[in-house]
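In: here is my input; please provide its structure:
(one chain, ligands or ions: 1)
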Amino acid sequence: LAAVPVEGPPLTVDGFVEAFLQELHFGQGVQLDRSTVNDQYLALARTVMHYMMAEWLETGRRRRAEPTKMIGYLSAEYLLGRQLGNALLATELTEVAEEGLATLGIDLATLRSQEIEPGLGNGGLGRLAACFIDSLAVMDVPCIAYGIRYEYGIFRQTFFNNRQLEVPDNWLRLGSPWEFPHPERAVQVDFGGHTERTSDENGREHVQWVPSWNVQGIPYHYMVPGYDNKAVNTLRLWSAQATDAFNLQIFNSGDHAEAVRSQTFAENISKVLYPEDSTPQGRELRLQQQYFFVACSLHDYIEHTLPADFDLRKLPDQIIWQLNDTHPVIAIPELMRILVDVKGFEWAEAWDITKRCFAYTCHTLLPEALEVWPVDVIGRLLPRHLEIIFRINEDFLIEVRERFPGDELRVRRMSIIAEHPERAVRMAYLASVAATKINGVAALHSELLRDKVLPDFSEMWPDKFTNVTNGVTPRRFLRLANPKLSELITEVLGDERWVTDLDRLSGLEAYADDASFREKFRQVKAANKTRLFELLKRRDGIDVAPDNMLDVMVKRLHEYKRQSLKLLHIVHLYESVVSGRRDISDIVPRTFVFGAKAAPGYHMAKETIFLINSVAEKINSDSRMQGRLAVVFPANYNVTLAERLIPAADLSEQISLAGKEASGTGNMKFALNGALTIGTDDGANVEIRKLVGDDHFFLFGMSEPEVAELGARGYVPSSFYEQNEDLRRAVDLLGSGEFTGSNRDAASTVVNDLLWNDRFMALADFQSYVEAQARVDAAYADTEAWTRSAILNVARTGFFSSDRSMRDYLDRIWLR
Ligand SMILES: CCc1ccc([C@H](C)CC(=O)N[C@@H]2O[C@H](CO)[C@@H](O)[C@H](O)[C@H]2O)cc1
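Out: I've put the predicted structure just below:
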């Protein structure tokens, strides 16, 4: 069939309006006067996609015509955020759409707020994947990203009696215009069963996997538009369906539920995102999810994307698969199974190909976050893969013994198979054995990965280990989220090239000393605050005092991130006033903003949320505070709320215990939007501080070596409580029932843990933190100096563009 050239609609207001009405009438099947906001939104989304379609198809044609090495990005999570704004930016349609819709009496902003964001991720890892695929499209790098099309994303958080409630996130309920289902490209994925061995006429053994059940993987294609470069990459998300969805015989026998049981069973695989972001629950369904999308992706690429006669020995020159943490690591034995069992390669040749096809990124430092799968769980679900993992491990341990003869302890330590507490597969070890490169996500993290998390592997393969510091996309988190600051930057830099070349922000350095520029900069921040406060009023019924310093802590709720330390600071300030030790007029007016979801099974995290809301309720209703001290906790922190919160912030809280936060990416977004950071020397804070300078960063707390030293010496949190009056008063007040309706027990879980456990040393860093906060107060009082520091933060953090991260991956990992 001829390749008929595809023309998008004309980039004019008339052209746009005609295309929109076309879509409303023939796509949505409604007339304008009877159309709902949702009709208009769906029609708009599809209209914008018409403008991207030509570039998408052309990009696909270019990729097939000149097959350069592809990046295959495998991630169980993509926290994409709303699509409409980014698509309008990518097609330079924002103004045209605004004007065109206005001629029809439609407000673009109303349609933008109609979109339900696809919450297909938990937090940092998922959002990073979304930033990375945006950058690869903007840099026109051939990339196919694969993941799971969860029917239910991260739960919607509501509060009831100050406690988190989880509501299922039925994000598809009003339609999902940004996806293209391709049932004709369905992939069968097998599970269970057993393996059988046969040997052929020349005595060569063949292994046959005889699965006991299977499902169909249906791909849904999403556009990943570049920016001003006519490139559009693809995100392919897999949805599970039963191979035989409906059994008519059983139905006719009247057992209707049984007739659709296999469909229900199959659908479960891509039904819902696991809401944990650090402690795997080891549920078998999660392993089914991981294998499902990995098997679909490898099959789709090898059977549908590669030319039919492709010589798989050249696979490593054609594609590199990036493993986004351990979640897709089952891809390693899956590729071996395809090469040996399906394609007939010898083991050694197959291994030689496989170990040049993968790279592994680790995103955590918490031992409990490293996934291990019990041997019997893998054996039951994926019997052939377990055999392959055992064989990989055997060959690997031979290599270890050759390198370190007689060191059986090392052999036991490095084995992919852990023997205690139960026989289990250590997925991070499997990844480390097979990957060409292993990277951490910030300089400090990559060091700790080498020295503390995988020391044996870095001793065996030092060259495998590298670092790529995280980044964030300046399109969404600056150009889109902060249009007023973007305008100001473009005004002084003279053009918008900074949007795709963020190092150009350094051009702002000189303007830090320009009083009129500082004034404009402050007006932008003030306008962003007003916009936020209007949203919080509308969305959560929250009133915020306009002139307070906005002190913001938004991230998943986890003890190592130390939201409890932030709470202790707030209670300390409150206590100092209600005890009469300080006058409210001495307090620099602050509004503390929290945003955080807790994994539903994470008890301590949920108790912390309860306590934060209880303290907020008390302080906000205490007239003695006169609004100079306020705490707000809008529910359901997500990408859309982040886009409004971050541009309005003055102070960014990055207070994790040193050595625990792999990188952080919120820290980067705040600095790029002119907030100053109060933080420990942890994760990427270290690199932010180095670039912005000590005068423009409020450092506090122990360093990682000091934490290790205190831990080794034996940490007694109560000793810090006894020796510090401010701390004692704050802890006592927190536990006194003052904030929990005189129910002391309600606060006891958190308070007792701080006093008798405090695994992340909040009490040890309290004094240093409070002193740093006093420095913040002093600095904030000098408005000109504060603004100057804020401008320098923006000017000096261009490094944290995810475009730079992608350049590092290309240089250090993918094109090696
Ligand atoms: C339940 C299993 C599990 C374990 C870990 C994870 C993720 C790795 C947790 C995560 O999101 N880590 C964050 O990754 C960001 C991107 O690299 C970093 O910036 C954060 O520091 C890190 O906590 C998800 C699910």
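In: count of neighbours near Glu196?
Out: Residues near Glu196, counting by other CB atoms under 10 Å, number 10. For glycine as for every other residue, the C-beta is placed from the backbone atoms N, C-alpha and C.
In: mind listing what's buried along the helix or strand where it lies?
Out: Taking DSSP states H and E as the definition, one finds Glu196 inside strand 194-199. Of all the residues in strand 194-199, those buried under the rule 16 or more other CB atoms under 10 Å are Thr195.
In: repeat for stretch 717-729
Out: For stretch 717-729, the neighbour count (16+ other CB under 10 Å) marks 717, 720-721, 724, 726-727, 729 as buried.
In: cool, stretch 103-116 as well?
Out: 106, 108, 111-116.
In: need the residues of the stretch 401-550 of the chain near the ligand, please.
Out: 441, 470 (CB under 6 Å from any ligand atom).
In: ok and the residue in the stretch 401-550 of the chain nearest the ligand?
Out: Relative to the ligand, the nearest point of the stretch 401-550 of the chain is Val441 (4.0 Å; CB to the nearest ligand atom).
In: try the chain
Out: For the chain, CB to the nearest ligand atom, closest residue to the ligand: Gly124, 2.7 Å.
In: pretty sure that residue is touching Asn667, no?
Out: No. Taking contacts as CB atoms under 8 Å, Gly124 lies outside contact range of Asn667: 10.5 Å.
In: who's more crowded, those two?
Out: A count of neighbours by other CB under 10 Å puts Asn667 above the other of Gly124 and Asn667, at 29 against 24.
In: which helix or strand contains that one?
Out: Using DSSP H and E, the element containing Asn667 is helix 666-672.
In: what sits closest to Trp814 if chain neighbours are left out?
Out: Closest residue to Trp814 apart from its sequence neighbours, by CB to CB, 6 or more residues apart in numbering: Ile320 at 5.0 Å.
In: and stretch 223-239, how far out from the chain's middle?
Out: 18 Å (CA atoms, centre = their mean, to the nearest Å).
In: excluding sequence neighbours, find me the nearest residue to Glu496.
Out: Distance criterion CB to CB, 6+ apart; nearest residue to Glu496, sequence neighbours excluded, is Thr490 at 5.2 Å.
In: would the one you found count as being in a helix?
Out: Yes. Counting by DSSP: H, G, I helix; E, B strand; the rest coil, Thr490 falls inside a helix.
In: what's the burial count for it?
Out: Thr490 has 15 nearby residues by other CB under 10 Å.
In: ok, it to Tyr78 distance?
Out: 29 Å (CB to CB, to the nearest Å).
In: phi, psi of Tyr637?
Out: Note on Tyr637: its backbone torsions stand at phi -60, psi 130 [degrees, to the nearest 10].
In: show me what contacts it?
Out: Shown in contact with Tyr637 (CB atoms under 8 Å, 6 or more residues apart in numbering): 157, 554, 595-597.
In: list the contacts for the closest residue to the residue of the chain closest to the ligand other than its chain neighbours?
Out: Of all residues not flanking Gly124 in the chain, Thr665 sits nearest, at 5.7 Å (CB to CB, 6+ apart). Residues in contact with Thr665 (CB under 8 Å, 6+ apart) are 124, 127-128, 131, 470-472, 684.
In: between the residues you listed, identify the one with the most neighbours.
Out: Counting by other CB under 10 Å, top hit in the contacts of Thr665: Val472 with 30 neighbours.
In: just checking, that residue touches Arg804?
Out: No. In this structure, Val472 is not within contact of Arg804 by CB under 8 Å, at 10.3 Å.
In: any buried residues in stretch 307-317, and which?
Out: For stretch 307-317, burial by neighbour count (16+ other CB under 10 Å) applies to 312, 315-316.
In: would TSV of these with distance to the ligand and pLDDT be doable?
Out: Below are those laid out as TSV (distance: CB to the nearest ligand atom, whole Å; pLDDT from 0 to 100):
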residue	distance to the ligand	pLDDT
Leu312	31	98
Leu315	27	98
Pro316	25	98
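In: can you tell me how far the closest residue to Arg313 other than its chain neighbours is from Tyr301?
Out: Spatially, and ignoring its direct neighbours in sequence, Arg313 is nearest to Ile353 (6.3 Å; CB to CB, 6+ apart). Relative to Tyr301, Ile353 is positioned 14 Å away (CB to CB).
In: over to Arg423?
Out: Arg423 is 32 Å from Tyr301, by CB to CB.
In: give me the more crowded residue out of the two.
Out: Shown here are Arg423 and Tyr301; by other CB under 10 Å, Tyr301 has more neighbours (19 against 13).
In: need phi/psi at that one.
Out: phi -70, psi -50.
In: that one contacts Gly72, doesn't it?
Out: Yes. At 6.4 Å, Tyr301 and Gly72 qualify as touching, with contact defined as CB under 8 Å.
In: overlap of the contact sets of these two?
Out: With CB under 8 Å, 6+ apart as the test, Tyr301 and Gly72 both reach 144, 319.
In: which other helices and strands contact the helix or strand that contains Leu710?
Out: In the assignment (DSSP H and E), Leu710 maps to helix 704-713. The contact analysis (3 or more CB pairs under 8 Å, 6 or more residues apart in numbering; DSSP states H and E) places helix 704-713 against no helix or strand.
In: so how far is the following helix or strand past that helix off the chain centroid?
Out: Counting by DSSP H and E, the next helix or strand C-terminal to helix 704-713 is helix 717-723. Relative to its chain's centre, helix 717-723 lies at 36 Å (CA atoms, centre = their mean).
In: which residues sit against helix 717-723?
Out: With CB under 8 Å, 6+ apart, helix 717-723 has contacts from 727-728, 731, 754-758, 761-764, 766-767.
In: over to stretch 311-318?
Out: Contacts of stretch 311-318 from elsewhere in the structure, counted by CB under 8 Å, 6+ apart, are 67, 69-70, 302, 306, 310, 339, 343, 345, 349, 353, 356-357.
In: which positions in the stretch 151-300 of the chain make contact with the ligand?
Out: With CB under 6 Å from any ligand atom as the criterion, the stretch 151-300 of the chain meets the ligand at residues 276-280.
In: quick one: which of these is most hemmed in?
Out: Neighbour tally across those (other CB under 10 Å): the maximum, 24 neighbours, falls on Asp277.
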